[in-house]
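*Asks:* Mind folding the following:
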Amino acid sequence: MTETNETLSMPADAQVKRDLPQSIVIPPIQGEMVHLRPATVEDLPRLDELDAFYGASKITGKDAATERSMIHTWVRRSQAWEAGLTPGESGVGDPELRRTIAWAVVTDADHDEDGTTDAASTDNVIGMIFLIDIDGWSRSARIQIVLGRDYRGRGYSRDAMPRVMTYGFASEPAGLGMHRIWVAVPEKNTRSISVYQSLGFVPSGTSRDALWDAENSKYQDLIVMDTLVDEYDPIRSLDAFGMHLIENNPGVQEALAAREHSVALRQNTANGGDDPAHKSDRPGSGTAPNTEPSAHDQTVHVQSQSNEESQVTHEKSRLSAEEESNWPYGQSERKTSKEAWWRTLGRGRKRDTESEK
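*Replies:* Numbers count the residues shown, from 1 in each chain. Have a look, this model is predicted:
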């Protein structure tokens with residue numbers, strides 16, 4: 001009886017199961033320039049062929065050997081989750097039970113127009129993209145992409161990342177149901193910072209002297225950037241790079257439904273949620289049924305009606321402007337402590353010679 005009472009007295013959030021599923025089916029994701037499929041250990045040698053770890057210290061702040069070892073572990077963790085293995089059984093255990101999803105980035109592009117696929121030698125694989133540190137309790141995950149040396153700076157990241165984030169934020173079972181997705185970028189990697197800002201990430205903190213800059217023999221800061229589910233707009237993130245929404249991708253229908261629901265709620269609010277024609281028949285309306293109002297009452301009523309119409313007109317104009325943005329959440333639901341992606345677009349545009357991650 002005591003245990004039952006204790007359970008009933010627990011906060012509602014504590015009673016909700018927040019564990020990640022024992023196994024997962026990693027969905028394929030279609031882009032305009034690339035498509036993503038679940039990565040396998042057989043794909044790992046292809047990253048070496050692609051020279052994917054070149055310049056790792058500039059891109060992630062880690063040396064090439066460490067970066068290579070981490071990515072090998074992430075792919076094995078991803079396959080273990082697909083197979084329904086516990087972290088202990090996978091051989092790469094995690095006491096916090098955080099999971100990883102790995103996709104191979106595949107393209108059919110022929111940029112040099114020689115009649116053959118650019119990445120034919122690596123079975124069309126040009127890199128990998130990951131959701132790592134997937135934390136079911138806090139609904140948080142980190143995203144990272146690695147591309148072959150010759151495939152950086154071509155826009156592949158801009159095509160793949162918004163689509164993975166849409167899946168990550170979508171509610172279960174269509175997506176992972178994450179609340180937050182974040183990245184960590186060395187301060188000198190200004191190109192990646194610019195790309196992430198364009199995707200809607202905002203700087204949320206700095207780890208001072210967290211990384212060693214081997215090229216300049218000094219420490220550098222690590223910039224942490226994140227975005228939340230009620231801030232992220234998959235449509236605008238793709239629009240920023242001239243990409244289009246692909247409605248069959250996982251999580252897209254949920255994002256569109258959330259937008260339609262939000263717009264409908266705001267339109268209902270703008271209309272007062274009721275038929276104003278029947279307000280005068282209700283108790284407490286100020287005018288009894290079938291009673292002729294005085295001249296003073298008519299003047300007050302006209303002024304009130306004029307104010308209401310003005311407010312409704314203003315609200316409808318605002319809704320129209322918001323609807324054009326395709327934002328899936330209302331203005332009032334956004335976190336005021338964060339900045340929307342269009343406010344950060346254009347910052348950090350300083351380019352260097354190092355290609356994007």
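*Asks:* Surely residue 70 touches residue 64?
*Replies:* No: look at residue 70 against residue 64 with C-beta atoms under 8 Å: they stay out of range, at 10.9 Å. Yep, even glycine has a C-beta here, placed from its N, CA and C like the rest.
*Asks:* How many residues are close by residue 173?
*Replies:* 10 (other C-beta atoms under 10 Å).
*Asks:* Please enumerate the strands of the stretch 51-200 of the chain.
*Replies:* For the stretch 51-200 of the chain, the strands defined by DSSP state E, counting those that start in this stretch cover 99-106, 125-135, 140-147, 180-186.
*Asks:* Can you name the residues in contact with the last one?
*Replies:* What it means is strand 180-186. Outside strand 180-186, the residues within contact range by C-beta atoms under 8 Å, 6 or more residues apart in numbering are 58-61, 131, 138-144, 165, 168-169, 192-193, 196, 201, 204, 207, 211, 213, 220-229, 232.
*Asks:* how about the helices in the stretch 1-150 of the chain?
*Replies:* 2-9, 12-15, 44-49, 56-59, 64-82, 87-90 (DSSP state H, counting those that start in this stretch).
*Asks:* thinking again about what came up before, show me which of the contacts of strand 180-186 are buried.
*Replies:* For these, a burial check counting by 16 or more other C-beta atoms under 10 Å picks out 58-61, 131, 139-144, 165, 168-169, 192-193, 196, 201, 211, 213, 220-229, 232.
*Asks:* So residue 51 versus residue 20, what's the distance?
*Replies:* Distance, residue 51 to residue 20, using C-beta to C-beta, to the nearest Å: 34 Å.
*Asks:* The two: which is more packed in?
*Replies:* residue 20 (18 against 13).
*Asks:* Setting aside sequence-adjacent positions, which residue approaches that one most closely?
*Replies:* Nearest non-adjacent residue to residue 20, counting by C-beta to C-beta, 6 or more residues apart in numbering: residue 136, 3.9 Å away.
*Asks:* so what's residue 29 bridging to?
*Replies:* residue 36 (DSSP bridges).
*Asks:* tell me the contacts of it?
*Replies:* 35, 36, 103, 160, 163, 164, 167, 249, 250.
*Asks:* Much appreciated, bye for now.
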